[in-house]
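In: Okay, here's the prediction I keep looking at, along with the sequence it came from:
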Amino acid sequence: MRHKLLLLLATILLLVALPSSCCSSAAAEEGVAADDGHIVQSLFRFPASKLGPEFEKLLTLWYDEWLYTTTNETNTNIITPDPSGRQHALLSVSTPAVTLFRRQCYGEVKSSQFTNLYRNFEQRRKEIEFQHMKDPMEEMKMLHTMTKRFFPAFVPPEDGISSDTTIATAHMHKKKSSSTVDTIHANTKLPLDYDSPSRLSFQTKKLSNDVDDENNNDTPIQQWSWRPAGQFSNRGMPNFMQWRVKFYNLMRDEFQNELSKSTPGFKFAFGRPSGMYWYPPGAVREWHSNYLDLGEVTKSQHQLMTGNEHIYASQVWRMYFIRTVRDEEFDGLLRHLGVDTSSNGVDDHSAMHIIPGDDEGITLDVLKKAGARPLTPEEKNRQMNDVFAEEYTNPTINSTLASGDDVPKRSEGDMPLDRNSVWRLPDKNGYVTFFRLPKLLHCIVSEEVHRYSLGFAFSDEEVQAMLRYAGIDFDVTGSTTAQSDQSPGRDEL
């Protein structure tokens, strides 16, 4: 069944995209203006309102037919955590694997062993994902095996002391069944196999407005599935394909026409939604680079998608729209631990962390313009201690992080960019983030909010058109003139 669905999806993408790609080629032959070269910078972030009301219509489709939002008297979209999966979500973030991956998002990557482990993990995930019949036990086995391998790369044993990685991992991430320490779930009995994919899959149902709900067979059901290490992805509903095509076509209607005002003749080629994710407080997406999404496909995916590799190879950009929502019940748990949540708001309580590495499109100027910053000493200390699980005790490491001795004494402007350092791009509710694949190592962390993200895959030409429309300055290779929008400015959210 999964094999047939994926084949159907590939066919629909090609059929729907074909007219746009043909028109795009024709426009090029007719001499329609196009930029020579590719975007130099690898990271942008700005309010989604800069993409105009036509983009808001895409978001409304996502709100109404996917997230099942309601509106208040001011017509504002209200997103609330789905009660069907809330318990699963808030307990899953304290499991050993999720805790390890989350805490690693606050630590620098300075070893090839560390990077290679994550690349291997990413490849194995892809292999399992594209099997015709997913095996939850195989997925769980992979996760637990990689957790043991990651531990010594993350926290090296203390000098002179050999470390059994199995014991060390268990010590860092105790189960909650007998815990009494000050954590969010200190007194919660956590089942020993709670990080099993089969346990962390659940269905949610939209409440019908019909009185006779029992006879309403059209009420959509969504399947939320566990994805290492802690976020949930809505895997679909009965009319999933119809929704996907509706969204795909809506992009090519009013939104495409609006973009053509600043880029005459513009047509979307294969731009598409790439994923929808829900990160409850404490959830994480481990370090990854999406390097397998641009043509370095696994054998099973290659057999399934033969002939479409050029599409994936052209989609070198990802764009994510972010909505963040506070949770009153979770805030109550924080207040019980002495955390003041009265003025916390929704911004900068979740983030994308990035490591510049050898991506030449990431510079200090690019990072600052996008709103990124180095981690604070308090954030670096989350490598060892957070409210979701017990503290890992290593006196040498903990005292160094807590003291802030590694904080640069010079101003940022005087510092060269440490390309192995972690930079935090704090989430802002209602913003979009563009970043280029595949060199940028990145991860996602959510600390106090429910983070909902809508992802897109775009080519360089498509991103140029959107940046130009939004009035965002960018450079292209082979050009000495910065590209920007010439239309009137737009209000921020």
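Out: Noted; the coordinates are in hand.

In: For burial, what's the neighbour tally of R382?
Out: 20 (other Cβ atoms under 10 Å). C-betas here are computed from N, CA, C, even on glycine.

In: pretty sure it contacts R103?
Out: Yes - assessed by Cβ atoms under 8 Å, R382 is found in contact with R103 at 6.3 Å.

In: Per-residue pLDDT of E56, please?
Out: pLDDT, E56: 95.

In: Does anything pack onto the helix or strand harbouring it? Which helices or strands?
Out: In the assignment (DSSP states H and E), E56 maps to helix 53-62. Helices and strands touching helix 53-62, by 3 or more Cβ pairs under 8 Å, 6 or more residues apart in numbering; DSSP states H and E, are helix 240-250.

In: which parts of the helix it packs on are buried?
Out: 240, 243-245, 247-248, 250 (16 or more other Cβ atoms under 10 Å).

In: picking up where we left off before, the helix holding E56 vs helix 240-250, what angle?
Out: Orientation note: helix 53-62 sits at an angle of 170 degrees relative to helix 240-250 (axes from the mean of the first three to the mean of the last three Cα atoms, to 10 degrees).

In: buried stuff in helix 53-62?
Out: So for helix 53-62, counting by 16+ other Cβ under 10 Å, buried means 54-55, 58-59, 62.

In: okay, these in a markdown table with distance to W224 next?
Out: Formatted as a markdown table, the buried residues of helix 53-62 follow (distance: Cβ to Cβ, whole Å):
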| residue | distance to W224 |
| --- | --- |
| E54 | 29 |
| F55 | 26 |
| L58 | 22 |
| L59 | 20 |
| W62 | 16 |
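
In: Farthest pair within those?
Out: Taking Cβ to Cβ, the two most distant members of these are E54 and W62; they sit 13.9 Å apart.

In: what about stretch 367-387, how long is it end to end?
Out: Using Cα to Cα, to the nearest Å, the end-to-end distance of stretch 367-387 comes to 29 Å.

In: Pull out the buried positions in it.
Out: In stretch 367-387, counting by 16+ other Cβ under 10 Å, buried: 367, 369-375, 379-387.

In: Also stretch 331-344?
Out: Applying 16+ other Cβ under 10 Å to stretch 331-344 flags 331, 333-334, 341 as buried.

In: from those, which ones fall inside helices?
Out: 331, 333-334 (DSSP state H).

In: Now those residues in CSV, please, with extra columns for pLDDT and distance to W423.
Out: Below are those laid out as CSV (pLDDT from 0 to 100; distance: Cβ to Cβ, whole Å):
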residue, pLDDT, distance to W423
D331, 91, 28
L333, 88, 29
L334, 90, 26
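
In: is it possible to export these to CSV including distance to V316?
Out: As requested, these are exported to CSV (distance: Cβ to Cβ, whole Å):
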residue, distance to V316
D331, 39
L333, 41
L334, 39
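
In: show me where the stretch 1-150 of the chain has strands.
Out: 43-47, 70-71, 77-78 (DSSP state E, counting those that start in this stretch).

In: Also the stretch 251-400 of the chain?
Out: Assigned by DSSP E, counting those that start in this stretch, the strands in the stretch 251-400 of the chain fall at 272-279, 284-288, 317-325, 350-355, 373-374.

In: Quick check: neighbours of the last one in the sheet, parallel or antiparallel?
Out: Put plainly, it is strand 373-374. Sheet pairing for strand 373-374, assigned by DSSP bridges, gives strand 423-426 (antiparallel).

In: What is the next helix or strand after the strand it pairs with packed up against?
Out: Moving toward the C-terminus from strand 423-426, the first helix or strand encountered (DSSP H and E) is strand 431-436. Strand 431-436 is packed against strand 43-47, strand 317-325, strand 350-355, helix 460-470, with contacts defined by 3+ Cβ pairs under 8 Å, 6+ apart.

In: between these, which gets nearest to G430?
Out: strand 43-47 (6.2 Å).

In: Mind giving me the packing neighbours of that closest one?
Out: Strand 43-47 packs on helix 364-370, strand 431-436, going by 3+ Cβ pairs under 8 Å, 6+ apart.

In: returning to that earlier point: out of the buried residues of helix 53-62, which is nearest to F270?
Out: Taking Cβ to Cβ as the measure, F270 sits nearest to L58 out of the buried residues of helix 53-62, at 16.4 Å.

In: and the closest residue in space to the closest one that isn't next to it in sequence, how far is that from I128?
Out: Nearest residue to L58, sequence neighbours excluded (Cβ to Cβ, 6 or more residues apart in numbering): L250, at 5.9 Å. For L250, the distance to I128 (Cβ to Cβ, to the nearest Å) stands at 32 Å.

In: quick one: L337 and V387 touch, right?
Out: Yes - applying Cβ under 8 Å as the test, L337 and V387 come out as touching, 6.0 Å apart.

In: overlap in contacts of those two?
Out: With contacts defined as Cβ atoms under 8 Å, 6 or more residues apart in numbering, the residues adjacent to both L337 and V387 are 182-184.

In: Can you turn the buried part of the residues you listed into a ChimeraX selection?
Out: Remark: buried members of the shared contacts of L337 and V387, expressed as a ChimeraX selection using 16+ other Cβ under 10 Å:
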select :183,184
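
In: Output the shared contacts of L337 and V387 as a markdown table; include the columns distance to I39.
Out: Converted to a markdown table, the shared contacts of L337 and V387 look like this (distance: Cβ to Cβ, whole Å):
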| residue | distance to I39 |
| --- | --- |
| D182 | 47 |
| T183 | 43 |
| I184 | 41 |
